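Enquirer: Turn this into a model:
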Amino acid sequence: MVTFLSGGTGTPKLLDGAAAAFSPEETTVVANTGDDIELGGLFVSPDVDTLLFQGGGILDRETWWGIAGDTHRTNSALMDIASAMDLPDGPQYLPEDEQTASRDLANWRRFSGIAEFMTIGDRDRAVHITRTSLLDQGHTLSEATQRLADGFGLTIDLLPMSDDPVASLVHTDRGMMHFQEYWVGHGGEPAVENVEFRGSSNAEPAPGVLDALDETVVIGPSNPVTSIGPMLSLPGVADALSQTTVVAVSPFLGDEAFSGPAGDLMEAVNAEPSTAGLATAYPFADAFIVDENDDVAFDRPTIRTDIRIDSREDAARVVRAIDQAIEIVR
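Expert: Model prediction:
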């Protein structure tokens, strides 16, 4: 049995090759929900959705979010209506006193749907409507995710990290903003001063998460701060990882992140913005998988291979390196 900790791009790419060493029946994936937001009244869970669409065989593999071939008529209509009414565009939070109103899952991540700042496809939106409706019927996020996973025919077990609200908030030179505002709304341009996982101290890991962490854990090449960090901030998770076998795959080629703002975010939390910083981000890791051209040195077993993942064959190569590392440290 093996458990992957996943954000929305790096680890899903790695999972394309998971079958090289692990069967779907013995694979559990715990997904980050710190990126989740409520947008125009709909609960959007980007990292969970990428894994759902990947498992269902409909993921847009050019962007690694959304559904391949999706249309965006509603999103375009929202932009047109806002323009005609001279309403503002860009990320717009609901008022402060509305942030914790309504459903429990809203907590400093409620955005207006005016001029929808995230491009939501029409079929993608149908998933958000279904999830939000299940939540409003009283189901937990775990239960809603399981129903969606069944509907998409997933063969792995997919768990959200928590049923409770945790918001990844980025403190910048332009003020505090949710990660989605920082990354999608502003392209990661504001200078990052710190990162906060609001709500995590009162949140609990979702049912099944701590049990899954009893198994060998693989941390994929996801952003250590805003993809994996929210999970580590949950009570009991870091302790569980310190007591099991953990192999971490670098999301860096030297000091260059594969994608996203991992370097800036690592620097903001006082970790070296390179593969070397993984020792700070993952002190419990038993082994690391790094690129064959990376001269980083750890005091733990380190397997070197070409870690760039552009195809299923690339992913399988990295998974075989993970399996080799597990055999060494287990």
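
Enquirer: what does the lowest-mean-pLDDT helix or strand in the chain contact?
Expert: Lowest mean confidence among the helices and strands of the chain (mean pLDDT, DSSP states H and E): strand 256-257, at a mean of 84. Residues outside strand 256-257 that contact it (Cβ atoms under 8 Å, 6 or more residues apart in numbering): 223, 251, 263, 273. Every C-beta, even on glycine, is put in place using the N, C-alpha and C of the backbone.

Enquirer: Can I get those in CSV including pLDDT?
Expert: Converted to CSV, those look like this (pLDDT from 0 to 100):
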residue, pLDDT
N223, 94
P251, 94
G263, 89
P273, 92
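
Enquirer: Take those and keep only those in strands.
Expert: Using DSSP state E, the subset of the contacts of strand 256-257 located in strands is empty.

Enquirer: Tally up the residues packed near A101, please.
Expert: Counted with other Cβ atoms under 10 Å, residues neighbouring A101 total 10.

Enquirer: so where does it fall, helix or strand?
Expert: Under the criterion DSSP states H and E, no helix or strand holds A101.

Enquirer: can you offset everything so residue one is 10?
Expert: Fine by me, first position is 10 from now on; the one you just mentioned is A110.

Enquirer: pLDDT value on the residue nearest to E71 when sequence neighbours are not counted, please?
Expert: Leaving aside its sequence neighbours, E71 sits nearest to A77 (Cβ to Cβ, 6 or more residues apart in numbering; 8.0 Å). As predicted, A77 sits at a pLDDT of 97.

Enquirer: Quick one: residues contacting A77.
Expert: Taking Cβ under 8 Å, 6+ apart, we find A77 in contact with 67-71.

Enquirer: Mind checking what secondary structure L219 has?
Expert: With DSSP: H, G, I helix; E, B strand; the rest coil as the basis, L219 sits in helix.

Enquirer: That one is in contact with A247, isn't it?
Expert: No - with contact defined as Cβ atoms under 8 Å, L219 does not reach A247; the gap is 11.5 Å.

Enquirer: Now do the end-to-end distance for stretch 258-266.
Expert: 12 Å (Cα to Cα, to the nearest Å).

Enquirer: which parts of that stretch are buried?
Expert: Neighbour-count burial for stretch 258-266, counted by 16 or more other Cβ atoms under 10 Å, picks out 258-262, 266.

Enquirer: Which one (most neighbours) among the contacts of A77?
Expert: Most neighbours among those, by other Cβ under 10 Å: L68, with 21 neighbours.

Enquirer: So that residue sits against D79, correct?
Expert: No - with contact defined as Cβ under 8 Å, L68 does not reach D79; the gap is 10.6 Å.

Enquirer: number of nearby residues for F307?
Expert: For F307, the count of nearby residues is 15 (other Cβ under 10 Å).

Enquirer: Quick one: residues contacting it.
Expert: Residues near F307 by Cβ under 8 Å, 6+ apart: 287-288, 297.

Enquirer: Restricted to strands, list those.
Expert: Per DSSP E, the contacts of F307 map to strands at F297.
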